[in-house]
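Q: sequence first, predicted model second:
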Amino acid sequence: MTLPREPRNPLYFLLLVAGVVFVVTALAYAVVPVIEQKALEAGQPPPPSPLRDALRAHGGIWLLAETAVVAVLAVASMVWDRLRSLQKERAQAKIPPEKTGERGP
């Protein structure tokens, strides 16, 4: 007999997306300046880029905001799972109704 599957927590998908965005931003924040420096050392200045300028100006704030989003989604996922497990335990702990005409000893 197979047990029915529990529904997936929808916050897991959001947490996955936020985590991937965080990793991409963190890598860009760390790697882009190194690549720019190597290009300058090679004698070829990199072409102007609005993305690089925005990353240089606001990258730290983006990382802090993304960290906060990941933390909030992680805590919300844990709370959601805990509440669902408590509801499941409460439903299993209910005393089944007695059948009429049936008495105990």
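A: Yes, it's here.

Q: now stretch 21-29: how far from the chain's centre is it?
A: Centroid separation between stretch 21-29 and its chain, computed with C-alpha atoms, centre = their mean, to the nearest Å, is 14 Å.

Q: what's in contact with it?
A: Contact partners of stretch 21-29, identified using C-beta atoms under 8 Å, 6 or more residues apart in numbering, comprise 55, 59, 60, 62, 63, 66, 67, 69, 70. To be clear about C-beta, it is placed using only N, CA and C from the backbone, and glycine gets the same treatment.

Q: name only those of those that count as buried.
A: Buried residues within the contacts of stretch 21-29, counting neighbours by 16 or more other C-beta atoms under 10 Å: 55, 59, 62, 63, 66, 69, 70.

Q: contact partners for the first one?
A: The reference is to residue 55. With contact set as C-beta under 8 Å, 6+ apart, residue 55 has these partners: 28, 29, 32, 62.
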